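# Next come a sequence and a model predicted from it.
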Amino acid sequence: MKEIGAQLQKLTSIGKSFENKKKVSLTIIYIINVFNTNILILNFLLIQNLFSAQFINTNVWVTDLKKSASKADNLLQGDSAFKGLRLDGKRSVRAKYPNGDPEISGQWFESDDPGMGHGEYVNGWVTSATKWIKPERKPDATELIANGNDWPSVFWPLTEEGGSSWTGEGDWGDFHIGMGGYCDDIYPPTGYWCSMAPPRGQCFDNKTMTSTGCTQTHMAPSGFSYAGVLDRAENYSNPKGAVVQVWRGGGRWFTNLCLVDSIDKDTKAIKFSKNGPNGGCNQGGEGEVSGSQWWIENVLEELDVPGEWYFDKVERKLYYGFNTTKPTGKEMWTATKTEVLFNITGSGMNDPVKNVTIRGVQLRDTSYTYLGTSKASIHGMPSGGDWGLQRSGAVLIENSEGTVVDGCAFVRIDGNGISLNNYNRHVIFSNNDFSWIGDSAMTSWGSTGKCK
């Protein structure tokens, strides 16, 4: 099995060759060329007395990409570049607090009760009570409610077997959707949880900006007070661009990833970005005004244990904490860049891509698809479920017929493995292996027909 490096622009051009082709018959089997321009040859220098948020770290090394790897540095430009780093094929950890490898986060969770919300993390997360800054008040969404009264000639189920009251999602009862309002951070800004009165329940009070913790309109806190829970933040020089991963308050139904915009040391507050779609804290479907357990990453001053790294996008410098006295020079470095390796996209139902097969290929090390400005990173709201979703993956398929992905290995993909969207017929995914996937292994998301 040959390995496809995730960074190459050549790979995205392969995908583009599939786009908008009415009749395509193509099979990719055991690609001969090993694309490896994302393999970096780096020369590191030891930093003397790097002041971390906790103590002086004496074994952090730095390399200037402009000098040590200028060709790679030219490729590693743009919003999606250098969000992940691999050393000898394994993910390294972006400098974080509390310390711990997110790949094995599940091992730190202990509980005697399998019920939702029970148990606790013993490592890697801040579990102390944190004061979260309320979301800003936004205009109410426009509500759209449709039912059988609007289409009297159509059979419209009004109840569901079993007596469920979770109407509003389209299968039965009222079809309920909100447009705008608190959903200005997703695209399109519409969905079930955009509504100010979602039928599954509303525990949010828009007058006091408080919540009782159960289901509610899509939103997220706008920051938190670090007093008493992250006093070390006083030593942060510039945390802009850091990421706070936080479980939803009121129940661990999903995590949000919140982009740090600024720190106010007078009020001891870390504030999140608010800049439109994908500004941050938008990966959930439903919302909450607070968070629960969390960690912060991508902060230089938190680089204080071996295996952690930080990349300064402005200075183009990579910092790394080595487990040995010094780097050997034989390390194999891989930096992520590309979000989608194969883009199999037709023009529509009447003009699909046909008969594309990808077989026996290893796909790995794509860039993560959240908090970015690219199309692959933008999240939307697919349903009345708990999560938001992005229409992207290492293999992106949309408007296709007869697509086959067989016998492939997806390794350390930072986004979704396979993303199936809109119109597709006779698609086969078989005998594939997914390991250490950062998001979902496979996703499928259609589109509601356009109203005229």
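Perfect, thanks for sending it. On a predicted model such as this, the values are computed, not experimentally measured, just so you know.

# Break the chain into its domains for me.
2-34+337-445, 39-94+303-335, 102-109+121-135+220-301 (automatic domain parsing).

# Determine which of those approaches residue 162 most closely.
domain 2-34+337-445 (16.7 Å; CB to CB). For the C-beta atoms, the positions are set from N, CA and C on the backbone; glycine is no exception.

# hmm, back to that, for the domains of the chain, give me CSV that also has mean neighbour count, mean pLDDT and distance to residue 163.
Listed next are those as CSV, based on neighbours: other CB atoms under 10 Å; pLDDT from 0 to 100; distance: least, CB to CB, whole Å:
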stretch, mean neighbour count, mean pLDDT, distance to residue 163
domain 2-34+337-445, 19, 79, 18
domain 39-94+303-335, 17, 77, 46
domain 102-109+121-135+220-301, 19, 92, 22
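
# Throw these into a markdown table and include distance to residue 199, thanks.
Formatted as a markdown table, the domains of the chain follow (distance: least, CB to CB, whole Å):
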| stretch | distance to residue 199 |
| --- | --- |
| domain 2-34+337-445 | 8 |
| domain 39-94+303-335 | 37 |
| domain 102-109+121-135+220-301 | 12 |
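
# separation between residue 207 and residue 137?
Going from residue 207 to residue 137 by CB to CB, to the nearest Å gives 9 Å.

# neighbour count winner among the two?
Remark: of residue 207 and residue 137, residue 137 carries more neighbours, 10 against 6, as counted by other CB atoms under 10 Å.

# wait, what's in contact with residue 398?
344-346, 391, 420-424 (CB atoms under 8 Å, 6 or more residues apart in numbering).

# From these, which land in helices?
Within the contacts of residue 398, no residue falls in helices by DSSP state H.

# which of these lies closest to residue 184?
Nearest member of these to residue 184, counting by CB to CB, is residue 391, at 18.8 Å.

# What's the separation between the closest one and residue 256?
19 Å.

# Likewise for residue 307?
Distance from residue 307 to residue 256, by CB to CB: 25 Å.

# To what extent is the residue nearest to residue 196 when sequence neighbours are not counted buried, counted in neighbours?
Once flanking residues are discounted, residue 196 sits nearest to residue 140: 5.0 Å by CB to CB, 6 or more residues apart in numbering. Number of residues near residue 140 (other CB under 10 Å) recorded here: 16.

# Could you pull up the residues touching residue 140?
Here residue 140 is in contact with 181, 196, 206 (CB under 8 Å, 6+ apart).

# so which of those residues is the most crowded?
Most surrounded of the contacts of residue 140: other CB under 10 Å gives residue 181, at 21 neighbours.

# hang on, it packs against residue 138?
Yes: using CB atoms under 8 Å, residue 181 is in contact with residue 138, at 5.7 Å.

# beta partners for residue 244?
residue 258, residue 296 (DSSP bridges).

# surely it meets residue 294?
Yes: using CB under 8 Å as the test, residue 244 is close enough to residue 294 to be in contact (5.7 Å).

# residue furthest from the geometric center of the protein?
The C-alpha centroid of the chain is most remote from residue 153, which lies 42.7 Å away (CA atoms, centre = their mean).

# Save the contacts of residue 398 as TSV, and put in distance to residue 240 too.
Below are the contacts of residue 398 laid out as TSV (distance: CB to CB, whole Å):
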residue	distance to residue 240
344	37
345	35
346	40
391	28
420	36
421	33
422	37
423	41
424	41
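
# so which pair among these is furthest apart in space?
346 and 391 (14.3 Å).

# how long is stretch 131-146 from one end to the other?
40 Å (CA to CA, to the nearest Å).

# circling back: ok, so of the contacts of residue 140, who is nearest residue 434?
Distances from residue 434 to those, taken by CB to CB, are shortest for residue 181, at 36.1 Å.

# what residues are up against the closest one?
138-142, 189, 194, 196, 217.

# Got phi/psi on residue 148?
Backbone geometry at residue 148, expressed as degrees, to the nearest 10, gives phi -60, psi -20.

# I figured it hits residue 158, correct?
Yes: Residue 148 is within contact range of residue 158, at 6.8 Å (criterion: CB under 8 Å).

# These two - which one has more neighbours?
residue 148 (14 against 10).

# per-residue pLDDT, the more buried one?
We have a pLDDT of 82 for residue 148.

# separation between it and residue 436?
Taking CB to CB, one finds residue 148 at 47 Å from residue 436.

# Using CSV, write out every CA atom in stretch 156-175.
The C-alpha coordinates for stretch 156-175 follow below in CSV (Å, rounded to 0.1, in the frame of the first residue of the first chain):
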residue,chain,number,x,y,z
TRP,A,156,-48.5,14.6,6.9
PRO,A,157,-47.9,12.3,10.0
LEU,A,158,-48.9,14.2,13.2
THR,A,159,-47.7,11.7,15.7
GLU,A,160,-44.9,9.2,16.1
GLU,A,161,-45.2,5.7,17.4
GLY,A,162,-44.1,5.5,21.0
GLY,A,163,-45.5,8.9,21.9
SER,A,164,-42.3,11.0,21.4
SER,A,165,-42.8,14.7,21.7
TRP,A,166,-39.6,15.6,19.7
THR,A,167,-41.5,17.0,16.8
GLY,A,168,-40.1,19.7,14.5
GLU,A,169,-37.3,17.9,12.7
GLY,A,170,-39.2,17.0,9.6
ASP,A,171,-40.1,13.4,10.1
TRP,A,172,-43.5,14.1,11.6
GLY,A,173,-45.5,16.9,13.2
ASP,A,174,-44.5,20.5,12.7
PHE,A,175,-41.4,21.3,10.6
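
# Any buried residues in that stretch, and which?
Neighbour-count burial for stretch 156-175 flags 156, 167-169, 172-175 (criterion: 16 or more other CB atoms under 10 Å).

# distance between it and the chain's centre?
31 Å (CA atoms, centre = their mean, to the nearest Å).

# Likewise for stretch 262-274?
So, by CA atoms, centre = their mean, the centroid of stretch 262-274 is 23 Å from its chain's centroid.

# all helices of the stretch 51-200 of the chain, in order?
65-68, 70-75 (DSSP state H, counting those that start in this stretch).

# Out of those helices, the one nearest residue 372 is which?
Per CB to CB, nearest to residue 372 of the helices of the stretch 51-200 of the chain: helix 70-75, 17.1 Å.

# can you pick the most crowded of the contacts of residue 181?
Neighbour max across the contacts of residue 181 (other CB under 10 Å) = residue 194, 30 neighbours.
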